[in-house]
Structure formats: C-alpha cells, structure tokens
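>>> model this:
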Amino acid sequence: MTTWRPLPALDEALGRRVSMRALALLRVLVGPVVLLHLRPFVADAAAGRIYRDTFHEPYASWYPELPRALYVALLWVGVAAAVAMTIGLATRVSTAVTAGVVVYNLFLSTTHVHNNRAYLAIVLVVLAMAPCGRELSVDAWLRRRRGLPALPPGAPAWPLLLLRFEASVVYGASGLSKLVDPDWLGGTVTWHRVVRVRDQVVASPLPGWAVDLLTDRSFHTYAAKVIVLTEILLAVGLWWRPTRDATVWVAVLFHVTIQLTARVEVFSYLAIAALVIWAVPATRDRVLVVDSGRPAHRRLAAVVRPLDWLARFRIEDGPAGAPLTVVDRDGRVLTGAAAGALALSRLPVTAWPALPAAALLSSRRPVRRTLNAPSEVS
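Modelled structure (predicted):
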C-alpha cells in the first residue's frame with residue numbers, strides 16, 4: 001500500500017509544467033482593470049489633492065512620499081505600463097512596473113488600503129513573477145517576425161496554483177467573517193446599504209416588484225444568508241472539477257449583482273477576469289473537425305479561431321460531407337448541433353448563451369481515446 005506524503009505531493013504539484021495560457025489571458029484582462037483603478041488617483045493628483053486630502057493618513061511613518069510632481073509622473077508611468085502589459089510589450093518589465101506602482105500607491109495612505117485593492121496588488125505581483133508574456137503578446141509576435149524560435153508555453157504550475165489559492169481565500173475569508181458577524185448574517189448591513197441609496201433604487205429602471213423587494217427589510221434577513229453561503233460555496237466549489245463550471249457562472253452572477261448594488265470599485269471586474277485561472281491548464285486538447293466546403297462549418301470555425309482565447313480547440317479539416325465533430329479531451333465524440341453547442345460553450349464570449357443548448361444536446365457516445373490525457377493539474 002502506497003503511503004501518501006503531503007510535502008512531496010505538494011512539491012510535485014507546484015513544479016509540474018502546465019500551460020500559462022490562462023495567466024496570459026488574465027494579464028490582458030487585468031490591464032484595463034488597473035487603468036480603472038488608477039483613474040481616480042490620477043485625477044486627484046492632477047487637481048492637487050494628493051497629500052493634502054483631509055483623510056490622508058500615512059500607512060507608516062517611514063513610508064516615502066514622493067513630491068507631487070514625481071507622484072503624478074509615477075501614476076502616469078503606471079498607466080503606460082498597464083497598457084504595455086495588456087498588449088504584451090516588454091511583458092516582464094511592464095508587468096513588474098505596473099505591480100510596483102499599484103503596490104506603492106496602495107500603502108501610501110491608510111485610506112488607500114482596501115481588500116479589493118490588495119487583491120489587485122497580489123494578482124499583479126504573481127503575474128510579474130510568472131512567464132505570462134509568451135502568448136497573446138506583442139513580444140511573442142515580434143519573436144515570430146524575427147524568425148526566432150517560440151519560447152515554450154509551459155511553466156511550473158506554482159503561480160497558477162498560488163492565484164487559485166488566493167482567490168479561494170478571498171471568498172472564504174469574506175464568507176466566514178460574515179458568518180460570525182450577527183449584523184451581516186441578520187441582514188442589517190445589506191439593509192443599511194439599500195437605505196443609503198434608496199432614492200437611487202426607486203429612480204432606477206428596476207421593475208416595481210424588484211424595488212419593493214430590495215427595500216423590504218425582511219428580504220435582507222434571507223438575502224444576507226444567501227450571500228454568505230454563496231461566498232463559502234465559491235471558496236470550495238471552484239477546486240472540485242465536477243462543480244467548477246456551475247460555480248464559475250454562480251461567481252459571474254454574484255459579482256455582477258455586487259457591482260450593481262454596492263461600491264466595490266474594480267473588485268467585480270477583477271474577480272470575473274480572475275475566473276480564467278480555473279480553466280484546465282492544457283491547450284489544444286479538444287479537436288474541432290469541420291468540412292471546409294460547408295458554409296455553416298466555415299462560419300463556426302471563423303468564430304472559434306478568434307474567440308478561443310484559452311486555446312482549447314485544434315481545428316482540423318475533415319472529409320467532404322462529414323458532420324461537424326468535436327473530440328472532447330476525454331476522448332468522447334459529439335457530432336452535429338451538439339458539437340457546435342459544445343464548441344461555443346467553451347469560448348468565454350459565447351459560453352453563457354450556449355451553455356443551455358450544450359446541456360440539452362450533450363448526449364455523447366464513448367469512443368477510443370484519440371488525444372493525450374489532459375494535465376493532471378485540474
């Protein structure tokens with residue numbers, strides 16, 4: 001009987017080489033989030049409010065405060081670096097500079113330190129340490145233009161696993177802290193939030209029944225418990241493969257709701273973007289077989305190629321007259337409408353509307369395994 005040794009197993013998991021495609025996509029998505037995060041600081045600094053704001057309080061007495069002109073310049077450097085990071089230009093340098101500017105600004109004042117900003121700083125620091133510029137980047141394009149060999153897309157899994165751990169900690173810590181807070185669990189906190197913006201809720205385009213529901217105190221007694229349980233569910237459900245897809249979409253709805261009902265700055269945008277790290281870290285492990293002579297097949301291929309940001313599919317030409325076919329990563333085959341629905345349900349942009357159709361048409365028949373097994377990092 002083999003004895004399970006946790007430390008060697010952890011070392012193996014952290015060092016296993018996996019695809020960094022998800023982190024490359026996250027890098028692209030986080031750049032605009034950084035711009036949204038820095039925008040109010042740039043506006044305040046340009047208006048001369050930095051260091052003279054009533055609520056400015058140094059985080060630590062020894063923390064260096066740049067002169068106003070240098071601080072404004074630093075913020076603009078952060079803006080430029082965020083743009084360069086998104087397009088993947090000098091990716092290592094631009095990502096590190098972006099992380100440095102955000103981290104420096106975070107600890108400049110106690111009023112800057114919020115959980116959502118700390119999460120952004122952590123994501124940027126991990127991206128700065130990961131080789132996330134080898135794909136979806138100007139750097140990779142320039143290497144191809146110069147005829148240089150492409151850098152290997154795989155890398156040790158620890159940055160990906162570290163971000164997954166951090167994401168689950170964010171949900172778990174938030175849910176557990178609310179669970180032991182009677183004001184939160186009883187709905188007092190959410191009720192007060194609605195009371196403060198009651199006029200905006202009434203004036204919003206929400207239907208009357210929704211306004212009545214949100215402004216009903218008893219509703220928050222139950223809604224608060226749903227919020228707490230949802231956060232705990234997200235902390236656990238994302239780690240387990242059978243529940244991951246459903247949990248991802250619960251997370252999307254959860255963050256959209258938060259963004260519409262609370263002031264969380266860029267947290268919802270960042271959290272939704274960070275959901276890409278839960279994709280299986282393997283690329284081209286599904287095959288989409290099309291008959292290039294059929295217009296419907298060509299249209300689907302034309303959609304999949306540019307929108308397959310996580311590189312899930314390898315598109316191949318099949319024999320004339322062959323049905324549209326998808327060979328899934330587990331070696332099973334789908335044909336016809338079921339294949340098209342599955343392909344669209346695995347693309348970030350079209351996943352939401354395609355999921356119901358994929359679920360209804362997903363009757364599969366097993367075939368022999370035709371692809372290599374996916375990465376063991378789920």
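
>>> right, and residue 95 touches residue 27 too?
Yes - taking contacts as Cβ atoms under 8 Å, residue 95 lies within contact range of residue 27: 6.6 Å. From N, CA and C alone the C-beta is placed, and that goes for glycine too.

>>> so which strand or helix has residue 22?
helix 21-46 (DSSP states H and E).

>>> which strands and helices sit next to that helix?
Packing partners of helix 21-46 (3 or more Cβ pairs under 8 Å, 6 or more residues apart in numbering; DSSP states H and E): helix 68-87, helix 91-106, helix 115-129, helix 158-179, helix 267-274.

>>> With mean pLDDT and mean neighbour count as extra columns, can I get those in CSV?
Formatted as CSV, the helices and strands packed on helix 21-46 follow (pLDDT from 0 to 100; neighbours: other Cβ atoms under 10 Å):
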stretch, mean pLDDT, mean neighbour count
helix 68-87, 94, 18
helix 91-106, 95, 21
helix 115-129, 93, 20
helix 158-179, 92, 18
helix 267-274, 92, 22
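
>>> Which of these sits closest to residue 197?
Judged by Cβ to Cβ, the one of the helices and strands packed on helix 21-46 that comes nearest to residue 197 is helix 267-274, at 16.7 Å.

>>> which residues touch the helix or strand that that closest one is followed by?
The helix or strand immediately downstream of helix 267-274 is strand 286-290, counting by DSSP H and E. The contact list for strand 286-290 (Cβ atoms under 8 Å, 6 or more residues apart in numbering) reads 297-298, 300-301, 304, 312-318, 322, 324-329, 339, 343, 346, 370-371.

>>> CA atoms of strand 286-290 as PDB?
Presented in PDB, the C-alpha positions along strand 286-290 are these (Å, rounded to 0.1, in the frame of the first residue of the first chain):
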ATOM      1  CA  ARG A 286     -10.000  19.300 -28.000                       C
ATOM      2  CA  VAL A 287     -10.400  18.800 -31.700                       C
ATOM      3  CA  LEU A 288     -13.000  20.500 -33.900                       C
ATOM      4  CA  VAL A 289     -13.300  18.800 -37.200                       C
ATOM      5  CA  VAL A 290     -15.000  20.800 -40.000                       C
END
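
>>> Direction included, what does it pair up with?
Strand 286-290 has the following strand partners under DSSP bridges: strand 313-317 (parallel), strand 325-327 (antiparallel).

>>> Among these, show me which one is buried the most.
strand 325-327 (a mean of 21; mean count of other Cβ atoms under 10 Å).

>>> So what's the gap between that one and the chain middle?
Mean-position distance between strand 325-327 and its chain equals 27 Å (Cα atoms, centre = their mean, to the nearest Å).

>>> again with stretch 198-209
How far stretch 198-209 lies from its chain's middle: 30 Å, per Cα atoms, centre = their mean.

>>> got the end-to-end distance for it?
Stretch 198-209 has an end-to-end distance of 14 Å (criterion: Cα to Cα, to the nearest Å).

>>> What lies in contact with that stretch?
Here stretch 198-209 makes contact (Cβ under 8 Å, 6+ apart) with 194, 211, 214-215.

>>> among the residues you listed, which are in helices?
The members of these that map onto helices under DSSP state H are 194, 211, 214.

>>> ChimeraX command for the buried members of those?
With 16 or more other Cβ atoms under 10 Å as the criterion, this ChimeraX line picks the buried residues out of the ones in helices among the contacts of stretch 198-209:
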select :194,211,214
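
>>> With distance to residue 268 added, can I get the ones in helices among the contacts of stretch 198-209 in a markdown table?
Converted to a markdown table, the ones in helices among the contacts of stretch 198-209 look like this (distance: Cβ to Cβ, whole Å):
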| residue | distance to residue 268 |
| --- | --- |
| 194 | 18 |
| 211 | 22 |
| 214 | 18 |
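
>>> Please name the nearest non-neighbouring residue to the spatially most central residue of the chain.
The centroid of the chain falls nearest to residue 274 when counting by Cα atoms, centre = their mean (1.8 Å). What sits nearest to residue 274 in space, not counting adjacent residues and going by Cβ to Cβ, 6 or more residues apart in numbering, is residue 167, at 5.6 Å.

>>> Wait, that neighbour touches residue 238, no?
Yes - if you go by Cβ under 8 Å, residue 167 and residue 238 touch, sitting 7.3 Å apart.

>>> What about residue 295, how many residues nearby?
Counted with other Cβ atoms under 10 Å, residues neighbouring residue 295 total 9.

>>> Please report how far it lies from residue 211.
As judged by Cβ to Cβ, to the nearest Å, residue 295 and residue 211 stand 48 Å apart.

>>> Would it be right to say that residue 321 lies in a strand?
No - going by DSSP: H, G, I helix; E, B strand; the rest coil, the assignment for residue 321 is coil, not a strand.
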